[in-house]
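1. model this:
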Amino acid sequence: MTLHPDDRLAITRPSGPQTGTYQLPASALAEQLSPAPVLGISGILWASSRSAADNNWQAVCWSPELRLFSCVANSGTGNRVMTSADGFRWSFRAAAAETSWVALCWAAQLGLFVALADSGSGNRVMSSPDGLSWTARPTPADNSWTSICWSPERGLLVAVASSGTGNRVMTSPDGLTWTARPAAADQDWRAVCWAPPLGLFVAVASTGNGQRVMTSPDGSLWTLRSSAADNTWMALCWAAELGLLVAVSSSGKGSRVMTSADGISWTSRASAADNAWTSLCWAPERGLLVAVASSGTGNRVMTSPDGLNWSVRSSAADVGWRSICWSPQRGQFVAVSNSGAGNRVMVSP
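-> Coordinates of the predicted model:
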């Protein structure tokens, strides 16, 4: 029998002090074991979890060094950050400012969480060494910043935006001081990632005529590339063990995935459903890509072992899933939503 996180185990003490039978959640037992057992099937079976508040949660990431999930929102009063050690129990934290936080990453070599906002005046970045206390950082432009990534090899954070004139990229070596850079074109850039073997930053856009991808070796000089289709590309990741970049879209007819081995030439792939796919991640320990969506009926998750062939999975709830991340230490996916009542987190296993 496969255990699920919300299963309850009966533990009987037959004699002595505290004789009796007690119930223990499987997830609580898993926390006491090292290494943690696999409960359920990662990426396929999902359980709802209560968020710290019903805010519009936009981005979640895992810090291996802190063993902590952190999440940011674009709504809420004094609670636009939440953290969790296990994905089930969340505590709210005060953001550096009550702006619209939409993107987040962990820069291990800096020991920093770094978040981006698409609103605010001169303070659309905040950083934290622990996920608990956050500090606002000055931004070079008040653009609608949408995505951020860290390159250990370049020692550089790179962010992209969906607004701005000649400055829709910004870079930072430390998360504190930022420099505006020109994107390859003033398109609505939605996601950026770093592909180490290629030595490239790669970004995808939701607008543009046939060229909704751009690449850069250094974060400063960018080149437009042809996308597989003029879809609304929303998310992007590098799957190292597959040697593949994978992007997902919220629009398109049967073609809401595209892949590339080099960041330059892209191929359309059939999506498992024409849902509004918003985020994806790669779990090397499971050999699995998992994407989440903000639309669909009972099928707002899809998985793939190779980036080419995708299968629909049942989501824990039909809410607006916005972001997903993987924790190798916990063997766990966590996704967050911008809608729902008391169920804006889902966990697998």
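
2. any idea of the pLDDT on residue 5?
-> For residue 5, the pLDDT comes out at 51.

3. OK, contacts around residue 342?
-> Shown in contact with residue 342 (Cβ atoms under 8 Å, 6 or more residues apart in numbering): 50, 51, 54. Backbone N, C-alpha and C define where each C-beta goes, glycine included.

4. Please repeat the previous calculation with a cut-off of 10 Å.
-> Listed by Cβ atoms under 10 Å, 6 or more residues apart in numbering, the contact set of residue 342 reads 48, 49, 50, 51, 53, 54, 317.

5. Can you name the two of those residues that sit furthest apart?
-> Taking Cβ to Cβ, the two most distant members of the contacts of residue 342 are 53 and 317; they sit 16.7 Å apart.

6. How about residue 251: what's its closest non-neighbour residue?
-> Excluding the flanking residues, the one nearest residue 251 by Cβ to Cβ, 6 or more residues apart in numbering is residue 232, at 4.1 Å.

7. Let me see the ranges of the strands in the stretch 151-300 of the chain.
-> Under the criterion DSSP state E, counting those that start in this stretch, the stretch 151-300 of the chain contains strands at 156-161, 169-172, 179-181, 189-195, 200-205, 213-216, 223-225, 233-239, 244-249, 257-260, 267-269, 277-283, 288-293.

8. what mean pLDDT would you report for the first one?
-> Strand 156-161 shows an average pLDDT of 99 in the prediction.

9. next one: the fourth one
-> Per-region confidence: strand 189-195 scores 98 on mean pLDDT.

10. Same question for stretch 108-126.
-> 98.

11. Can you give me the buried ones in it?
-> By neighbour count on 16 or more other Cβ atoms under 10 Å, the buried set for stretch 108-126 is 110, 112-120, 123-126.

12. State the phi and psi torsions of the residue lying closest to residue 129 once chain neighbours are set aside.
-> Using Cβ to Cβ, 6+ apart and skipping the chain neighbours, the partner closest in space to residue 129 is residue 111 (5.4 Å). When read as degrees, to the nearest 10, the backbone of residue 111 gives phi 60, psi 40.

13. surely residue 111 meets residue 150?
-> No - using Cβ atoms under 10 Å, residue 111 is not in contact with residue 150; the gap is 11.3 Å.

14. Quickly list what's touching both of the two.
-> By Cβ under 10 Å, 6+ apart, the residues touching both residue 111 and residue 150 are residue 175.

15. Can you measure across stretch 123-143, start residue to end residue?
-> Separation of the first and last residues of stretch 123-143 by Cα to Cα, to the nearest Å is 11 Å.

16. May I see the buried residues of that stretch?
-> For stretch 123-143, by 16+ other Cβ under 10 Å, it's 123-128, 131, 134, 136-137, 139-143.

17. Stretch 230-243 too?
-> For stretch 230-243, burial by neighbour count (16+ other Cβ under 10 Å) applies to 230, 231, 232, 233, 234, 235, 236, 237, 238, 239, 242.

18. Closest one to residue 82 out of these, please.
-> For the buried residues of stretch 230-243, the nearest to residue 82 is residue 235 (21.0 Å; Cβ to Cβ).

19. related to what we said a few turns ago, could you flag which of the contacts of residue 342 are buried?
-> 48, 49, 51, 53, 54, 317.

20. from the residues you listed, which is closest to residue 267?
-> Nearest to residue 267 among the buried ones among the contacts of residue 342, counting by Cβ to Cβ, is residue 317 at 32.6 Å.

21. List the residues that contact that closest one.
-> 46, 48, 298, 300, 337, 339-346.

22. Next: residue 281.
-> Residue 281 makes contact with 43, 60-62, 235, 237, 239, 246, 288-292, 323-326, 333-335 under the criterion Cβ under 10 Å, 6+ apart.

23. quick revisit: among the buried residues of stretch 108-126, which are located in strands?
-> Here DSSP state E is the test, and the buried residues of stretch 108-126 give 112, 113, 114, 115, 116, 117, 125, 126 as lying in strands.

24. quick one on the thing from earlier: want to try CSV for the strands of the stretch 151-300 of the chain, with distance to residue 75 as columns?
-> CSV is the format used below for the strands of the stretch 151-300 of the chain (distance: least, Cβ to Cβ, whole Å):
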stretch, distance to residue 75
strand 156-161, 20
strand 169-172, 24
strand 179-181, 27
strand 189-195, 20
strand 200-205, 25
strand 213-216, 31
strand 223-225, 34
strand 233-239, 20
strand 244-249, 24
strand 257-260, 30
strand 267-269, 34
strand 277-283, 17
strand 288-293, 19
